[in-house]
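Novice: sequence first, then the predicted structure, then my questions.
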Amino acid sequence: MNFSIINKTDTFKRSTMKKHSISQQILQRVEAAVKQTHIDAYKKDGAVCIRQIITAEEIELLREGIESNLQFPSHRVKIASKNEDPGQFIEDFCTWQTNPYYQQFIFESPVSVIAGKLMESKQTRLYHDHLLVKEPGTRQKTPWHQDQPYYNIEGTQNCSLWIPVDPVPRTSTLEFVAGSHKGPWLMPRSFMENQAKWFPEGSLTELPDIDSHREHYPIIGWEITPGDVVCFHMLTLHASNGVDYAQRRRVFSIRFLGDDITHAPRNWATSPDFPGLAGQLAANAPMEHALFPVVWEN
């Protein structure tokens, strides 16, 4: 697929659009694929896999977007693995406004409708995108954590979609502790230094040692074929291993907000951060801002 370069002004205009057109064909695709059993599993476990709901063309669009993102990373890009790691773990955040491939995928694919159905929300609002690439041989694990404590939001209606564009075996997939989205909030720490950079030490419950006692936890996860989507609540405990095989694990993740989510300004930089937002959006206000456009309304 060919795209002309979209300048920041044009992209900003698009980001401030209040409504986006989701085709009838996409609505019908979601209606056929997302069953009440998926919604019930999302409520119960905080994570569910929806098989083959993304088309081959949409996956190829994401692959192009990921390669463009890697070629032109944002200032938020980081290497999340150590220098001695034989592979490499690369992350980037919030690049949809300058990546036309991501834009088309977010605003024209089924992802916002899937999230809305699972959240049982009348509205699906974009929060942020997240690139996660583990190159072949990467040893670095993604440790057990919840996402919401790193964020500047409050509320329960939220949904993250984890969308690999490469096959992912069960050993390297995203795993979840079923039901952990029901609480409590656990202390967020930096992944490599294990430092409490967000909430003060002692203010939240510490994460238990899940890996040493896996048999005590209801751990779920799925082998993935491109086209599958893993959907999870931002409070569901999750983790993943490294990549011990000769293939990349390229993942595009997108976070959506539902009806009850409000702004929760922090006294520290969230991950990702939104500089200046606290001066534009009051505490406890709905996330009505150009950075967080409504993508789908029921």
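Specialist: Arrived safely, thanks for sending.
Novice: okay, buried residues for stretch 291-298 please.
Specialist: Leu291, Phe292, Pro293, Val294, Val295, Trp296 (16 or more other CB atoms under 10 Å). To be clear about C-beta, it is placed using only N, CA and C from the backbone, and glycine gets the same treatment.
Novice: from the residues you listed, pick the one nearest Arg255.
Specialist: Phe292 (9.9 Å; CB to CB).
Novice: how about that closest one, nearest residue that isn't a chain neighbour?
Specialist: The shortest distance from Phe292 to any non-neighbouring residue, by CB to CB, 6 or more residues apart in numbering, is to Arg125 (5.2 Å).
Novice: tell me the phi and psi of the one you found?
Specialist: The phi/psi pair for Arg125 (degrees, to the nearest 10) reads phi -110, psi 130.
Novice: distance of it relative to Asn267?
Specialist: Arg125 is 24 Å from Asn267, where distance means CB to CB, to the nearest Å.
Novice: one more: Leu132?
Specialist: For Leu132, the distance to Asn267 - CB to CB - is 28 Å.
Novice: next structured bit after the lowest-mean-pLDDT helix or strand in the chain?
Specialist: Sorting the helices and strands of the chain by mean pLDDT, DSSP states H and E puts helix 8-15 at the bottom, at a mean of 42. Next along the chain after helix 8-15, taking DSSP states H and E as the criterion, comes helix 24-33.
Novice: average pLDDT across that following helix?
Specialist: Computed over helix 24-33, the mean pLDDT rounds to 96.
Novice: which of the residues in the helix or strand that it is followed by are buried?
Specialist: Where DSSP H and E defines the elements, the next helix or strand beyond helix 24-33 is helix 36-45. By 16+ other CB under 10 Å, the buried positions in helix 36-45 come out as His38, Ala41, Tyr42, Asp45.
Novice: ok, and what's touching helix 36-45?
Specialist: Outside helix 36-45, the residues that touch it by CB atoms under 8 Å, 6 or more residues apart in numbering are 47-48, 50, 117-118, 120, 159, 176, 178-179, 218, 220, 231, 233, 236.
Novice: if we use 7 Å, what do you get?
Specialist: With CB atoms under 7 Å, 6 or more residues apart in numbering as the test, helix 36-45 has contacts from Val48, Ile50, Lys117, Leu118, Glu120, Ala178, Gly179, Ile220, Cys231.
Novice: so who does Lys117 touch?
Specialist: Val30, Val34, Ile39.
Novice: okay if I get the residues you listed as a markdown table plus distance to Gln88?
Specialist: Shown next, in a markdown table, are the contacts of Lys117 (distance: CB to CB, whole Å):
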| residue | distance to Gln88 |
| --- | --- |
| Val30 | 35 |
| Val34 | 35 |
| Ile39 | 37 |
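Novice: buried set for stretch 247-264?
Specialist: Quick answer for stretch 247-264 (16+ other CB under 10 Å): 248-259, 261, 263-264.
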